[in-house]
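Peer 1: Sequence and predicted structure are below.
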Amino acid sequence: RRRTPGDRVDHRSQVKIAPPPAGCRTYGRRVRTTTMTPLSRRSTLLLVPATIITCWLGMMLVHESGHMLAATFTGGTVQKLVFHPLALSRTDVTPNPHPLAVAWSGPAFGAAAPLLLWLALRAAGVRSFLAQIFAGFCLIANGAYIALGSLSRAGDTYDLLLNGSPLWTLWLFGLVALAA
């Protein structure tokens, strides 16, 4: 839409403030319109994959931190941490006196820690859209990993089922994490 003499411009953000369409009730609110330029479209095409990759790496780091913390607190010894962008992360614990606690702590900590961080920021009055995106990503990734992984019995789900977790607990965890 081209600018007409009747249009107002908000000079702070350089966004054109369009008059409301005929018959539209705005109740005194200003209506903003923006147009997507080729530069902003290109920026969006770069920002979305970069955000997803960053969230993926951060989620793996928080998830594996949960395994390492539980291993340390239960008397286990972390022998190896595999953390590579092109591979699924893994924490090898030997000896592992409480394998069920160590196996559950990865997805539980991986889902809860980012969520609690975002809630703490929100309670402190800090509006962090990136923390919210990261918390949502971690909930979805850990929930889907446990719920769908239970069908193939791979990774943590293999350890969980092998050490006595009922299948329904994996599905319940996935449902709660995905719903949150």
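Peer 2: Structure's in. What do you need?
Peer 1: got the buried residues for the helix or strand where Glu64 lies?
Peer 2: Assessed by DSSP states H and E, Glu64 sits inside helix 38-73. Buried positions in helix 38-73, judged by neighbour count with 16 or more other CB atoms under 10 Å: 55, 59-60, 62-71. Placement of C-beta: from N, CA and C, glycine included.
Peer 1: a markdown table please, covering those residues and showing distance to Ala180 and pLDDT.
Peer 2: A markdown table is the format used below for the buried residues of helix 38-73 (distance: CB to CB, whole Å; pLDDT from 0 to 100):
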| residue | distance to Ala180 | pLDDT |
| --- | --- | --- |
| Cys55 | 16 | 96 |
| Met59 | 15 | 96 |
| Met60 | 19 | 96 |
| Val62 | 15 | 97 |
| His63 | 16 | 96 |
| Glu64 | 21 | 96 |
| Ser65 | 20 | 96 |
| Gly66 | 17 | 97 |
| His67 | 21 | 96 |
| Met68 | 24 | 96 |
| Leu69 | 21 | 96 |
| Ala70 | 21 | 96 |
| Ala71 | 26 | 96 |
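Peer 1: Between the residues you listed, which sits nearest Ala179?
Peer 2: For these, the closest approach to Ala179 (CB to CB) belongs to Met59, at 17.9 Å.
Peer 1: Low-confidence stretches in the chain?
Peer 2: Applying pLDDT under 70 to the chain flags residues 1-39.
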